[in-house]
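One predicted model, sequence on top.
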Amino acid sequence: MVTLAEVARHAGVSASTVSYVLSGKRTISTRTRERVEKSIRELGYHPNAGARALASNKSNIIALMMPLRTDMYVPVMMEIAIAVATTARERGHDVLLLTGQEGPEAVRRVVGSGLADAMILMDVELEDTRLSLVRESPRPAVLIGLPADPSELTCVDLDFAATGRLCAEHLAELGHRDVAVVGEAAAVYERRTGFAERTLQGVRERAAELGVRVLHRPCDGSYESTAGTLARIFDERPATSAVIVQNEAAIGPMLSLLRQQGRAVPEDISVIAVCPEQVATQQSVALTSVAIPAQEMGRRAVELVMAKAGAADGRAPTGAGAETLIELLPPQLTVRASTGPAPTPTGAP
């Protein structure tokens, strides 16, 4: 392994000069810096991460807090995580992935240990217990999600409330007046997870404005649970003519069950999904959907947290008293084969 001293000898400078070029702590002439950088490239020198962290008081690591829960759709979360890791790597940073359901303790561990220079938090709840620590922390942080009170926080997310409104509007324009929402597992709503709560709120508010009745039923996504959910919906609201699904795991079972029941999509019942593009297009009926922009969310989270880290280097506030910054990505609804005009009621002229 090439050492710093060997780079110094090759470049004809002192070891301290090489160190200053690497850390940027002192101004080095352009000519000398270029000579050192050339030697680094030619010799294939890679600074030791631990030594670099000690010298600069930075780890060049971003902590990504992504609690893995059985009631969440992991592929979407992993797509966001991959986008975070790829974007961070392009900017010379690595990602420390924390998947435990530790809540505030994970924040304390990252801040207290110096494991990472910055934090990105996922699975954000409306009343998230981590946020008081995030506001007080000297470490820059970005949320992928939107809590009830985002003051002094930086957040990026799909505008899920607008997503719900968009779904309700599309179905109302097609003449549907009884709409069901097949949602996430009950535990997701019990935790008041932001994206699920905000989508449902958007559906309900816009539906009320348009004279559409809404029935919401959680579902854990298994075949048995989906069958029970659909049975309850049609028992309680026999006139239901459209379903909004915000539960990727339930989509396949639901379409299969509708076929078994003799309900044609979209002739008898329309289906619109909030899900990744590939999930919508790979079903037996291509689904009208609002896509989850997972890659864009992950990329923007890294860009925002690194901008905050740069501001922190310039002595701008990162903890208490920091500015509020919210980026909500506008939803895009793509109409496909699964939505159509509401069926004419039986016996109608």
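Nice, I can see it. In this text, all values refer to a predicted model and were calculated from it rather than measured experimentally.

could you show me where the helices are in the stretch 51-200 of the chain, in order?
Applying DSSP state H, counting those that start in this stretch to the stretch 51-200 of the chain gives helices spanning 74-90, 104-113, 131-136, 160-173, 186-190, 194-210.

At the geometric centre of the chain, which residue do we find?
Residue closest to the average C-alpha location in the chain (CA atoms, centre = their mean): Ile144, at 4.8 Å.

Surely that one touches Ile80?
Yes. Using CB atoms under 8 Å, Ile144 is in contact with Ile80, at 6.4 Å. (Each C-beta comes from the backbone N, C-alpha and C, glycine too.)

Determine the residues that are contacts of both of these two.
In terms of CB atoms under 8 Å, 6 or more residues apart in numbering, Ile144 and Ile80 are both contacted by the residues Met122, Met297, Gly298.

out of those residues, who has the most neighbours?
Using other CB atoms under 10 Å as the neighbour criterion, Gly298 leads those with 26 neighbours.

who touches that one in this structure?
Gly298 touches Glu79, Ile80, Ala81, Ile82, Ala83, Val84, Thr86, Thr87, Ile144, counting by CB under 8 Å, 6+ apart.

wouldn't the fifth one be in contact with Pro293 here?
Right, the one you point to is Ala83. No. In this structure Ala83 lies outside contact range of Pro293 using CB under 8 Å: 9.7 Å.

tell me the domain ranges of the protein?
When the chain is parsed with automatic domain parsing, its domains come out as 4-56, 61-158+294-331, 160-291.

Serialize those domains to TSV and add fields for distance to Gly340 and mean pLDDT.
Compiled in TSV, the domains of the chain are given as follows (distance: least, CB to CB, whole Å; pLDDT from 0 to 100):
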stretch	distance to Gly340	mean pLDDT
domain 4-56	57	77
domain 61-158+294-331	21	89
domain 160-291	4	97
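
Thr339: which of the ones you listed is closest?
Thr339 sits nearest to domain 160-291 of all the domains of the chain, at 4.2 Å, using CB to CB.

can you tell which of the domains of the chain is closest to Pro343?
Pro343 lies closest to domain 160-291 among those, at 5.9 Å (CB to CB).

re earlier: could I get the helices of the stretch 51-200 of the chain in TSV, plus columns for mean neighbour count?
As requested, these are exported to TSV (neighbours: other CB atoms under 10 Å):
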stretch	mean neighbour count
helix 74-90	18
helix 104-113	16
helix 131-136	18
helix 160-173	22
helix 186-190	15
helix 194-210	20
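
Can you say which of those is nearest to Leu329?
helix 160-173 (9.5 Å).

Out of the shared contacts of Ile144 and Ile80, which is nearest to Tyr45?
Using CB to CB, the shared contacts of Ile144 and Ile80 come closest to Tyr45 at Gly298, 31.0 Å.

just checking, the closest one is part of a helix?
Yes. According to DSSP: H, G, I helix; E, B strand; the rest coil, Gly298 belongs to a helix.

Can you tell me the closest non-neighbouring residue to it?
Nearest residue to Gly298, sequence neighbours excluded (CB to CB, 6 or more residues apart in numbering): Ala83, at 2.8 Å.

can you tell me how far the one you found sits from Leu68?
When distance is defined by CB to CB, to the nearest Å, Ala83 is 17 Å away from Leu68.

what's the answer for Tyr20, then?
Tyr20 is 42 Å from Leu68, by CB to CB.

When the two are compared, which one has more neighbours?
Higher neighbour count among Tyr20 and Leu68: Tyr20, with 19 against 14, using other CB under 10 Å.

Once you drop chain neighbours, what's closest to that one?
Nearest non-adjacent residue to Tyr20, counting by CB to CB, 6+ apart: Arg26, 4.3 Å away.

Distance check, that neighbour against Thr32.
Taking CB to CB, one finds Arg26 at 11 Å from Thr32.

swap in Thr339?
Using CB to CB, Thr339 is found at 66 Å from Thr32.

Name the residue in these two with the higher neighbour count.
For Thr339 versus Thr32, the count of surrounding residues by other CB under 10 Å is larger for Thr339: 24 against 16.

and the more buried one, what does it touch?
Applying CB under 8 Å, 6+ apart, the residues contacting Thr339 are His170, Leu171, Leu174, Ala242, Pro266, Ser270, Val271, Ile272, Thr288.
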